[in-house]
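*Asks:* My questions concern the predicted model and sequence given below.
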Amino acid sequence: MLPIIWWFGIIVCSLDTADTAKLIPNMGYYIEMKQMDCVGNPNYFANLYCRIIPPKNRTMEASVNIMQQLSVFSGSLRVSIPNAKKVITQIFDITFDVCKVLRERKRKILIDLLVNTLAKNSNAKAWRCPFPKGKFESRNISVTDLPPMLTESEFFVNLDFFIPKVAIAMNVTLHGHLFEIAKERNRRKKYL
C-alpha cells in the first residue's frame with residue numbers, strides 16, 4: 001500500500017497547480033452571502049448600489065459614481081464571527097491607506113484578497129490613486145482563493161472607506177456563511 005501512496009505523491013507533486021486542483025476537488029471553501037448593505041456619503045459617492053445575486057448567493061455586484069477625485073483615501077476592514085455562545089468575536093481589524101496599498105503592492109492577505117476580488121470584473125482600467133470622478137462598477141464579484149486555515153462559520157464583514165480626519169465616505173456590511181467544500185459534500189452524501 002505504501003508504494004501506491006508514494007507514487008501518487010510523486011505524480012501530484014509533478015503536476016501543474018491547476019492540474020492538482022482538478023485531482024483534489026474536495027479542498028477549499030465557498031461563501032454564501034445572506035445580507036449586504038452599502039451606504040455612501042453623497043459628497044463623495046452617489047448612486048451607490050450593491051446586491052447579492054440569487055439563487056446561490058455566492059456572487060454580488062456593485063456600482064458607484066465617484067463625485068470628486070479622491071487622492072487621500074483610507075479603509076478599515078473588520079471581520080467578526082459568533083462563538084459557540086453566539087457572542088460576536090472580532091477576528092480581524094485592519095486599517096489601511098488605500099493609495100499606499102495600491103502603490104506599494106505590499107498587502108496583507110486579507111487586503112490583497114479584497115483588492116483582487118473587486119478588480120476582477122471591474123470597468124476600472126487600473127486600481128490606482130488618485131481615483132478619478134466617474135462611474136465604477138464590478139459584476140460577478142465572488143470570493144475565491146481563501147487561505148486554508150479557515151474554518152466553517154458564520155461571519156460579519158464591516159468595510160469603511162474614509163478621508164482621514166475629514167469624513168466617512170462609504171460603509172459596506174456583509175453577513176454570510178463560510179462553507180468548507182469537503183464537509184458540505186460529506187453532509188450531502190449523508191442525507192441523500
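*Replies:* Received, thanks. Numbers count the residues shown, from 1 in each chain.
*Asks:* okay, now residue 183: neighbour count?
*Replies:* Residue 183 has 13 neighbouring residues, counting by other Cβ atoms under 10 Å. (Glycine included, C-beta is placed from N, CA and C.)
*Asks:* Now the helix or strand hosting residue 179: buried residues?
*Replies:* Assigned by DSSP states H and E, residue 179 falls within strand 167-180. By neighbour count on 16 or more other Cβ atoms under 10 Å, the buried set for strand 167-180 is 169-174, 176, 178-180.
*Asks:* May I see the residues you listed arranged in JSON lines, with distance to residue 131 and pLDDT as well?
*Replies:* Listed next are the buried residues of strand 167-180 as JSON lines, based on distance: Cβ to Cβ, whole Å; pLDDT from 0 to 100:
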{"residue": "169", "distance to residue 131": "10", "pLDDT": "93"}
{"residue": "170", "distance to residue 131": "12", "pLDDT": "94"}
{"residue": "171", "distance to residue 131": "17", "pLDDT": "95"}
{"residue": "172", "distance to residue 131": "16", "pLDDT": "94"}
{"residue": "173", "distance to residue 131": "22", "pLDDT": "95"}
{"residue": "174", "distance to residue 131": "22", "pLDDT": "93"}
{"residue": "176", "distance to residue 131": "27", "pLDDT": "94"}
{"residue": "178", "distance to residue 131": "30", "pLDDT": "88"}
{"residue": "179", "distance to residue 131": "34", "pLDDT": "86"}
{"residue": "180", "distance to residue 131": "36", "pLDDT": "82"}
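*Asks:* neighbouring strands for the strand holding residue 179, and are they parallel or not?
*Replies:* Its sheet considered, strand 167-180 pairs with strand 29-40 (antiparallel), strand 153-163 (antiparallel) by DSSP bridges.
*Asks:* which residues sit against the shortest one?
*Replies:* Residues outside strand 153-163 that contact it (Cβ atoms under 8 Å, 6 or more residues apart in numbering) are 44, 70, 72-82, 88, 98, 114, 168-178.
*Asks:* Report the residue spans of this protein with pLDDT below the cut-off.
*Replies:* Filtered on pLDDT under 70, the chain yields the residue ranges 1-27, 105-115, 117-119, 124-127, 144-150, 184-185, 187-192.
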